[in-house]
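Student: Sequence and predicted structure are below.
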Amino acid sequence: MRESCPSNNLRTNNKSVRNVGFRLEWFRSTIYTFLKPCLGCIANAGTATYYTTYVPSACYGYSDEGVMIGAASDSLWENGAACGRMYTVQCTGPTNQGVPQPCRGNTVTIKIVDLCPPPGCQGTVDLSQEAFSTIADPAAGKIYIDYIP
């Protein structure tokens, strides 16, 4: 027997709405699983650094938004429209000779919570130390990345 259209479920009851939300999240994670090996095929290229002081932030003030967060450079900031955006980030290589193989082969999903203003901003995105450590050796300081919204 064929299931009814999810849009019809939205009109029926709260259980169906939750079910549709679960299906959408499952679909997103499944698609990402298949695209992960080809993240560079659809991603934007940039650089990442890291920081360790997370509050206050330009987007959320003193609200704790966790540790998988980042600060957007001017190129991503869009006058604050970047606040709350989620990006999946992957290390693609070193920017210096200090750590010749900094990448750990992982990806991390971060939430933009702050602005990384010039001239101090040294990357496309400034990751929290925890997020940076997930994808690269912090001793590298700055890495090349691919990122997708």
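Tutor: All right, it came through fine. Numbering: from 1, shown residues only.
Student: Now do the contacts for the spatially most central residue of the chain.
Tutor: Central residue of the chain (C-alpha atoms, centre = their mean): residue 87, 2.5 Å from the mean position. When contacts are counted by C-beta atoms under 8 Å, 6 or more residues apart in numbering, residue 87 is found next to 70, 109-110, 112, 125, 147-149. C-beta coordinates here come from the backbone N, C-alpha and C atoms, glycine included.
Student: where do the helices sit along this structure?
Tutor: Counting by DSSP state H, one finds helices in the chain at the ranges 6-10, 14-35, 39-42, 74-77, 129-135.
Student: returning to what we had before: please name the bridge partners of the residue nearest to the centre of the chain.
Tutor: Beta-bridge pairing for residue 87 (DSSP bridges): residue 110.
Student: next one: residue 45
Tutor: Using DSSP bridges, the bridge partners assigned to residue 45 are residue 146.
Student: burial measure for the residue nearest to residue 67 when sequence neighbours are not counted, as a count.
Tutor: Distance criterion C-beta to C-beta, 6 or more residues apart in numbering; nearest residue to residue 67, sequence neighbours excluded, is residue 130 at 4.2 Å. If you count neighbours by other C-beta atoms under 10 Å, residue 130 ends up with 17.
Student: Make sure residue 112 is actually in contact with residue 68.
Tutor: No. No contact is recorded between residue 112 and residue 68 when judged using C-beta atoms under 8 Å, the distance being 11.1 Å.
Student: So if I had to pick from those two, which one is more boxed in?
Tutor: More neighbours surround residue 112 than the other of residue 112 and residue 68, with 26 against 16 (other C-beta under 10 Å).
Student: And the pLDDT for the more buried one?
Tutor: At residue 112 the predicted local distance difference test score is 98.
Student: roughly how far apart are it and residue 89?
Tutor: In this structure, residue 112 lies at 11 Å from residue 89, with C-beta to C-beta, to the nearest Å as the measure.
Student: got it, and residue 133?
Tutor: Relative to residue 89, residue 133 is positioned 12 Å away (criterion: C-beta to C-beta).
Student: can you check residue 125 too?
Tutor: Computed with C-beta to C-beta, the distance linking residue 125 and residue 89 is 7 Å.
Student: Looking at the two now, which is surrounded by more residues?
Tutor: Between residue 125 and residue 89, residue 89 has the larger neighbour count (other C-beta under 10 Å), namely 29 against 26.
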